[in-house]
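> The sequence isn't on hand, but the structure is:
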């Protein structure tokens with residue numbers, strides 16, 4: 001299982017996460033920030049649990065994020 005966490009308020013809208021892991025990320029047309037698909041907001045941190053097959057692409061997205069607001073943990 002993989003847990004993905006995103007601090008959406010700090011997003012600068014660079015679009016790297018969408019390019020690297022399209023099945024889990026989209027850009028919002030309202031504010032230009034990335035949205036974690038399926039993420040549940042808890043005090044500004046959006047979190048989703050998913051299958052192991054999404055780990056690699058989301059890990060690349062986390063590493064590419066210039067403001068370091070994506071965390072991917074394999075449990």
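Received, thanks. For clarity, every value in this text was computed on a predicted model and none was experimentally measured. Numbers count the residues shown, from 1 in each chain.

> hey, let's count contacts and neighbours off CA atoms from now on
Fine.

> What lies in contact with the lengthiest helix in the chain?
The longest helix of the chain (DSSP state H) is helix 55-64. Defining contact as CA atoms under 8 Å, 6 or more residues apart in numbering, one finds that helix 55-64 is touched by 2, 4, 16-18, 20-21, 68-72, 74.

> Now with 7 Å, please.
2, 16-17, 20-21, 68, 70-72 (CA atoms under 7 Å, 6 or more residues apart in numbering).

> how deep is residue 1 tucked in, by neighbour count?
Neighbours of residue 1 under the rule other CA atoms under 10 Å: 12.

> Identify the residues contacting it.
Residues near residue 1 by CA under 7 Å, 6+ apart: 49-52, 74-75.

> ok, now residue 32?
With CA under 7 Å, 6+ apart, residue 32 has these contacts: residue 13.

> Of the contacts of helix 55-64, grab the buried ones for PyMOL.
A single PyMOL command is used to select the members of those judged buried by 16 or more other CA atoms under 10 Å:
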select buried, resi 2+16+17+20+21+70+71+72
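
> That concludes my questions; thank you for your assistance.
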